[in-house]
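> Provide a 3D model corresponding to the input given below.
(one chain, ligands or ions: 2)
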Amino acid sequence: MTVNELFEQLDFKENPLYEKMIADLMERQYSIIENFFPEEEVVALRKSLLEKYEEDCFKKAAIGNRNSEVIEKEIRGDFIFWLNEGDAEGAEHQFFCRINDMIDYLNKTCFMGIRQKEFHYAVYPKGTFYKRHLDTFQNDDRRKLSVVFYLNEEDWKPEYGGELVIYTGSDGKEEEVTIYPFPGKMVIFESQLLEHEVKPVERQRLSITGWLKTS
Ligand code: OGA
Ligand code: MN
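Residues are numbered from 1 along each chain as shown. Ligands and ions are numbered 1, 2, ... in the order given. As a prediction, this is how the structure comes out:
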């Protein structure tokens, strides 16, 4: 039996978007997908984020894991709100459906062994940034893939700053990949391999950041 025949039997449908993402990850440890979310889902998530932000649900993001938090505004200046899948409704429920679909696909095709996930909303007020770092410095080597989704307004402009810069390259030759936080875009990268930073923002910058973990 060929692999394709096996997939047919398993009722598995190849998804070109995920296939591109997997190919990118294997080749260069990161992938960028424009319009991962349709506009109406971005609008709904942004609305939900802003409601929670205005209700003061967010807290200053810290450095270190949740047991040893140090707030250090010289390193990061964002405010975050952890999402709980168990009581997610509306836009957030839809969000987790999409994520779970992606995780199922990764586990079926790449034997990634993703068993856990964690996601938070993030707001970077004007003037804030997140200095160059590796996501696993948070003392959590179960983090396998970092995922970021941007929820900025449709008219977001490059000059508003807040670019995500990923440092890649090998053989001592470092390369910088600059990614503008346009709404609907998803960026996924190897948490343990790629250092990255968020450049200072000129406008409030909105996103969801999360990690796919092996346990
Ligand atoms: C993070 C992070 C990147 C981004 O929260 O650890 O690096 O573009 N975020 O928001
Ligand atoms: Mn990071």
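> per-residue confidence at whichever residue of the chain sits closest to ligand 1?
Closest to ligand 1 within the chain is residue 164: 3.5 Å, counting by Cβ to the nearest ligand atom. Where C-beta positions appear, they are placed from N, C-alpha and C, glycine not excepted. The score at residue 164 is 98. That number is its pLDDT.
> I figured it was touching residue 181, is that so?
Yes - Residue 164 is within contact range of residue 181, at 6.7 Å (criterion: Cβ atoms under 8 Å).
> and the residue of the chain closest to ligand 1, what is it in contact with?
Shown in contact with residue 164 (Cβ atoms under 8 Å, 6 or more residues apart in numbering): 148, 178, 179, 181, 187, 196, 197, 198, 199.
> Identify the residue nearest the last one in space, chain neighbours excluded?
In space, and not counting its chain neighbours, residue 199 is closest to residue 163: 4.7 Å by Cβ to Cβ, 6 or more residues apart in numbering.
> The third one too?
Among residues not flanking residue 179 along the chain, residue 164 sits closest, at 4.4 Å (Cβ to Cβ, 6+ apart).
> in the sheet, who's paired with that neighbour?
Under DSSP bridges, the beta-bridge partners of residue 164 are residue 179, residue 198.
> Now the helix or strand residue 93 falls within: buried residues?
Residue 93 is part of helix 90-110 when elements are defined by DSSP states H and E. The neighbour-count check on helix 90-110 (16 or more other Cβ atoms under 10 Å) flags 91, 92, 94, 95, 96, 99, 102, 103, 105, 106 as buried.
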